[in-house]
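Chemist: Provide a 3D model corresponding to the input given below.
(chains A, B, C and D)
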There are 2 protein chains.
Amino acid sequence: MKNSNLYKGSLTTIILKLLNEHDKMYGYEITQKVKELTKGELKITEGALYPSLHKLEAEGFLDVEVLKVDNRMRKYYKLTEEGTKETVNKLDELEQYIATMRALVNPKFRV
Amino acid sequence: MKNSNLYKGSLTTIILKLLNEHDKMYGYEITQKVKELTKGELKITEGALYPSLHKLEAEGFLDVEVLKVDNRMRKYYKLTEEGTKETVNKLDELEQYIATMRALVNPKFRV
DNA sequence: TTATTATGCATAATAATCTTATGTATATTT
DNA sequence: AAATATACATAAGATTATTATGCATAATAA
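Modeler: As a prediction, this is how the structure comes out:
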């Protein structure tokens, strides 16, 4: 996604959180929303996004609905009930990750 | 390292920062220090650590010195000048990563 | 005293995640 | 008419890590 490999493993969290906030979104919309929210800092590549969406769907975290808008296909995704639970888990994991990394690299955050 | 994949990509940052703080350390010592600082939250596996140390050395970020202590080998690593610069870069990247993720998942962090 | 755990390094096979490249197709802007 | 934007998809390759295995010595527990 960027020159930094730190984002590796974060895509699922990002997708779930955006869907948690926006009810339903389609793939391309997600890429644009991420670009907007991060002021271009982070660009989701399609090669990462679509397989990730398919995986989340296969795991039962997302439901899909295909619509045709302006003669173009859109696959709208929304969270299932399990998906909502998973979102909470992923956000907790992110907070835990940040806290752990701070303890490691920022001495004043150590207990 | 954990159940969370968010740590993927963070190992280099962790190693560099610990060496930045402790002057010289050997591999096993790093695993123990990480365990200690994170209260067992994060455990560095050897299969990840040693290849990572070798790579950092090959890239010119670490110098190595082999010592025998208590009849057992220890490979002490320390930062080169380039390694110190890389440490600063990696720490900046971490802060940027955290800021970007907060903008994405924490609405109140959005500008 | 023998077995387990701790210390210490190393690598190969496998898995997960992502980048890059490519493909298809329509709509809009230059 | 050409380039860019919209929209989805997948395959090849790279990166990073897990798991499993191997070797070797020291210290502790059974």
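Chemist: Contacts for stretch A:42-60, please.
Modeler: Contacting residues not belonging to stretch A:42-60 are listed as A:1-2, A:7, A:11-12, A:14-16, A:27, A:30-31, A:34-35, A:62-64, A:75, A:77, A:80, A:82-83, B:100, B:104 [Cβ atoms under 8 Å, 6 or more residues apart in numbering or on different chains]. C-beta coordinates here come from the backbone N, C-alpha and C atoms, glycine included.
Chemist: The strand or helix carrying A:R74 near DNA strand D at all?
Modeler: Using DSSP states H and E, A:R74 sits within strand A:72-79. Yes. Contact of strand A:72-79 with DNA strand D (Cβ under 7 Å from any atom of the strand) involves A:72-75.
Chemist: Low-confidence regions, chain A specifically.
Modeler: Along chain A, the model assigns pLDDT under 70 to residues A:1-2.
Chemist: Break down it into its helices, ranges please.
Modeler: A:11-22, A:27-37, A:46-58, A:81-105 (DSSP state H).
Chemist: most packed of the ones you listed?
Modeler: helix A:11-22 (a mean of 20; mean count of other Cβ atoms under 10 Å in any protein chain shown).
Chemist: do it and DNA strand C meet?
Modeler: Yes. Contact between helix A:11-22 and DNA strand C, assessed by Cβ under 7 Å from any atom of the strand, occurs at A:11-12.
Chemist: For chain A, what lies in contact range of DNA strand C?
Modeler: Counting by Cβ under 7 Å from any atom of the strand, chain A sits next to DNA strand C at A:1-2, A:7-12, A:44-48, A:51-52, A:55, A:70-72.
Chemist: one step back: and the strand holding A:R74, what does it pack onto?
Modeler: If contacts are counted by 3 or more Cβ pairs under 8 Å, 6 or more residues apart in numbering or on different chains; DSSP states H and E, strand A:72-79 sits against helix A:11-22, strand A:24-26, helix A:27-37, helix A:46-58, strand A:62-69.
Chemist: Could you list the buried residues of it?
Modeler: Buried residues in strand A:72-79, counting neighbours by 16 or more other Cβ atoms under 10 Å in any protein chain shown, are found at A:75-79.
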